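Peer 1: my questions are about this predicted structure, shown below with the sequence.
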Amino acid sequence: MSLLGDPKYPAGFKRFDYVNPNAPKGGTVRLSGFGGTYDNFNPVVAGVKGTIADGVGVIYDTLMVAPLDEVEVMYGLLAEGLTYPEDFSSVTYRLRPFAKWHDGKPVTPEDVIFSFNTLKANSPLYSKYYQHVTKAEKTGDYDVTFTFDTPGNRELPLIVGQLIFALPKHWWEGTDKAGNKRNVANTTLEPPLGNGAYRIKEFVPGRSIVYERVKDYWGKDLPVSIGRDNFDELRYEYYRDAQVALEAFKADQVDFRLENIAKNWVTAYDFPAVADKRVVKEEFPVRGRGNMQAFVLNTRRSKFADPRVRRAFNLALDFEELNKQFFFGLYQRIGSYFAGTELAASGLPSGLELEILQTVRDQVPPEVFTTEYKNPVNGNPENVRNNLREATRLLREAGWEIRNQKLVNTKTGEPMTVEVLNPANNPNNFERVLLFYKPALERLGMTITLRNVDDAQYENRVRRWDYDVIVSSWAESLSPGNEQREFWGSNAADEVGSRNTIGIKNPAVDKLIERIIFATNREELVAATKALDRVLLWNNYVVPHWTTPVSFTARWDRFSHPDELPKYGDSAFPTIWWWDPAKAAKTGGRQ
């Protein structure tokens with residue numbers, strides 16, 4: 001199914017173009033676990049309870065699967081077909097009769113219905129994403145029909161196929177080895193039953209987990225499966241400290257590393273295995289997604305209610321010096337919520353984008369129509385002084401002034417005190433950056449506290465919206481849609497566990513989100529997304545971070561991949577790579 005165009009692959013296609021259909025099966029790939037630990041295998045409550053184990057999605061199949069060389073297109077996996085009316089008011093999926101769970105039992109419509117109802121009831125993410133899907137019902141031996149509350153949402157038939165529907169009803173409603181009844185609304189470290197290409201082989205709670213390839217996997221000969229899932233084992237090892245994880249890679253305890261610290265990329269890979277090319281450093285272009293990463297100012301707090309205050313925080317960030325001192329000049333400032341894609345707003349609005357913005361003209365900042373959004377530029381003493389002076393002016397306009405060297409609210413006398421919440425044990429914590437940023441805010445008269453907390457406390461406080469400032473990121477696909485409600489929608493602002501960490505409640509934003517969701521063609525989708533981007537930017541909800549158009553990777557040279565990697569797949573590791581015995585023999589170490 002294609003959302004707004006014709007699919008690349010015709011009926012009866014044999015495989016995706018970017019895979020090697022003759023890729024050998026075998027070998028083990030060792031990866032670093034993200035976040036330092038885990039305590040949960042149940043994806044239903046991921047993001048609400050506990051910390052989900054890395055890689056657990058490989059044990060499940062979805063109704064459809066997205067290729068890595070197309071946008072807005074999906075092909076059947078669990079489903080062999082689908083049908084929907086011209087008004088997009090429902091969709092019916094037909095399951096493949098031979099689809100099976102790892103215990104040999106068939107995947108049934110009842111499983112799909114159970115999965116849908118369970119995820120909507122227990123996951124804020126899926127509840128919001130599928131809020132317009134009112135019911136799922138069995139309409140044939142292998143058929144499940146999903147009914148929508150309103151027609152015209154072209155994306156709903158497609159995204160229904162993305163849901164993690166691989167939840168076996170008979171397993172979750174059964175009992176564990178101790179005779180205790182399972183509860184799908186709780187975290188669990190009992191390996192769940194799946195139906196995907198891998199199953200959990202062994203694990204040490206919070207420290208490691210190994211997935212083994214299912215030799216008799218029911219879907220291994222499907223066109224969407226050919227040439228992928230080539231490793232016999234996927235092994236994740238968890239390291240609580242980022243430096244220890246790097247040293248583990250150097251010591252050949254980890255095979256592949258995605259490096260997200262610029263200093264490491266420039267200075268840390270000078271060990272002998274790199275010099276003699278047993279370790280390969282490679283950059284892969286990122287084309288398949290946009291990203292906004294930023295310091296989030298919690299607008300639920302009254303001190304951040306005024307966009308002029310929020311802009312002052314951006315003016316105080318000397319990105320240029322930060323990039324020079326910490327990032328070796330590798331990064332560029334993020335200037336869009338859809339950075340790096342055709343969806344990013346630029347220049348002044350025109351054409352269809354301008355028409356769309358006119359519908360919310362009285363609800364958005366006037367600069368949306370008159371000025372191209374730009375982040376402040378610092379980098380030298382003159383620019384820094386000018387930007388801090390502008391920040392002081394904006395704060396004064398917003399009702400804040402300096403008294404006894406402290407910034408206070410002119411009406412209430414309340415001082416501007418800000419606590420920045422930081423997950424100290426997370427390998428990607430921002431303590432260094434925050435300590436660099438803090439003095440500039442203090443020069444404005446603010447009292448800034450950096451609060452380092454453990455991962456569990458951090459997650460609990462974020463879920464309760466109990467923070468002034470945190471770091472958040474939102475990955476954006478090239479086909480935005482219903483997830484925008486969960487990112488920026490007013491209803492999501494009060495939903496525990498939602499991605500609206502900013503707390504946005506803006507009727508103009510809500511209207512533009514609906515315009516995106518109900519776009520009837522690609523041109524309208526792009527124009528509406530640019531309009532939303534522009535409105536989000538000019539409300540100064542965040543202090544944007546930095547990005548790079550490539551991903552930095554390092555690997556022990558034991559693996560091979562197809563000659564041409566898919567356009568939207570980055571490295572596509574380990575999905576379509578394979579173990580190469582000849583390279584492994586030359587590299588040495590494990591075999």
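Peer 2: Alright, I've got the coordinates.

Peer 1: now the closest residue to Gly347 other than its chain neighbours: how far from Thr51?
Peer 2: The spatially closest residue to Gly347, leaving aside those adjacent along the chain, is Glu372, at 5.6 Å (Cβ to Cβ, 6 or more residues apart in numbering). For every residue, glycine as well, the C-beta is placed using N, CA and C. Using Cβ to Cβ, to the nearest Å, Glu372 is found at 41 Å from Thr51.

Peer 1: compare those two and say which is more crowded by neighbours.
Peer 2: For Glu372 and Thr51, the more surrounded residue by other Cβ atoms under 10 Å is Thr51, and the numbers stand at 20 against 13.

Peer 1: pretty sure the more buried one contacts Asn42?
Peer 2: No: contact criterion Cβ atoms under 8 Å: Thr51 and Asn42 do not qualify, at 11.3 Å.

Peer 1: which non-adjacent residue is nearest Gly227?
Peer 2: Spatial nearest neighbour of Gly227, excluding adjacent residues (Cβ to Cβ, 6+ apart): Val19 at 2.7 Å.

Peer 1: check contacts around Glu283.
Peer 2: Val550, Ser551, Phe552, Thr553 (Cβ atoms under 8 Å, 6 or more residues apart in numbering).

Peer 1: doesn't it belong to a strand?
Peer 2: Yes: membership of Glu283 in a strand is supported by DSSP: H, G, I helix; E, B strand; the rest coil.

Peer 1: that one pairs with what?
Peer 2: Under DSSP bridges, the beta-bridge partners of Glu283 are Phe552.

Peer 1: got any ranges where the stretch 351-500 of the chain has weak pLDDT?
Peer 2: Along the stretch 351-500 of the chain, segments meeting pLDDT under 70 span 427-428.

Peer 1: can you map out the helices along it?
Peer 2: 351-358, 367-370, 381-397, 431-443, 455-463, 483-488 (DSSP state H, counting those that start in this stretch).

Peer 1: list the buried residues of the shortest one.
Peer 2: Meaning helix 367-370. Val368 (16 or more other Cβ atoms under 10 Å).

Peer 1: same question, the fourth one
Peer 2: Buried residues in helix 431-443, counting neighbours by 16+ other Cβ under 10 Å, are found at Val433, Leu434, Phe436, Tyr437, Lys438, Ala440, Leu441.

Peer 1: my guess is the residue nearest to Gly347 contacts Pro349. True?
Peer 2: No: in this structure Glu372 lies outside contact range of Pro349 using Cβ under 8 Å: 9.5 Å.

Peer 1: now for Pro544: which residues touch it?
Peer 2: Contacts for Pro544 were tallied using Cβ under 8 Å, 6+ apart; they are Met292, Gln293, Ala294, Asn314, Arg333, Ile334, Gly335, Asn375.

Peer 1: could you find the closest non-adjacent residue to the first one?
Peer 2: What that stands for is Met292. Closest to Met292 by Cβ to Cβ, 6+ apart is Tyr337, at 4.4 Å.

Peer 1: which SS class is the one you found?
Peer 2: Secondary structure assignment for Tyr337 (three-state DSSP): coil.

Peer 1: contacts for the least confident helix or strand in the chain by mean pLDDT next, please.
Peer 2: Least confident helix or strand of the chain, by mean pLDDT, DSSP states H and E, is helix 124-129 with a mean of 80. Residues from elsewhere that reach helix 124-129 (Cβ under 8 Å, 6+ apart): 47-48, 119-121, 159, 163, 482-483, 485-486, 489, 491-492, 495-499.

Peer 1: the residue lying farthest from the centre of the chain and Gly445, how far apart?
Peer 2: For the chain, the residue at maximal distance from the C-alpha centroid (Cα atoms, centre = their mean) is Asn404, at 43.8 Å. Using Cβ to Cβ, Asn404 is found at 9 Å from Gly445.

Peer 1: so where's the protein uncertain?
Peer 2: Scanning the chain with the threshold set as pLDDT under 70 gives 164-165, 427-428, 590-591.

Peer 1: my guess is the residue nearest to Met292 meets Asn539, correct?
Peer 2: No: Tyr337 lies out of contact with Asn539 (Cβ under 8 Å); the separation is 11.1 Å.

Peer 1: what about the two, which has more around it?
Peer 2: Set Tyr337 next to Asn539 and count neighbours by other Cβ under 10 Å: Tyr337 wins out with 28 against 21.

Peer 1: give the contact list for the more buried one.
Peer 2: Applying Cβ under 8 Å, 6+ apart, the residues contacting Tyr337 are Gly290, Met292, Ala344, Trp474, Glu476, Leu532, Asp533, Leu536, Leu537.

Peer 1: and what of Glu564?
Peer 2: Contacts of Glu564 (Cβ under 8 Å, 6+ apart): Tyr18.

Peer 1: confirm it sits in a strand?
Peer 2: No: counting by three-state DSSP, Glu564 is not found in a strand; it is coil.

Peer 1: ok, and the closest non-adjacent residue to Tyr373?
Peer 2: Tyr373's closest residue in space is Leu537 (Cβ to Cβ, 6+ apart), at 4.2 Å.

Peer 1: buried ones in the helix or strand containing that neighbour?
Peer 2: Here Leu537 sits within helix 522-538, counting by DSSP states H and E. For helix 522-538, a neighbour-count test (16+ other Cβ under 10 Å) marks 524-538 as buried.

Peer 1: ok, then the element right after it?
Peer 2: As assigned by DSSP H and E, the chain's next helix or strand after helix 522-538 is strand 542-544.

Peer 1: relative to Ser302, how far out is Val364?
Peer 2: As defined by Cβ to Cβ, Val364 lies at a distance of 22 Å from Ser302.

Peer 1: looking at those two, which has the bigger crowd around it?
Peer 2: Remark: of Val364 and Ser302, Val364 carries more neighbours, 20 against 10, as counted by other Cβ under 10 Å.

Peer 1: ok, the more buried one - contacts?
Peer 2: Taking Cβ under 8 Å, 6+ apart as the criterion, Val364 is in contact with Leu357, Ala508, Val535, Trp538, Asn539.
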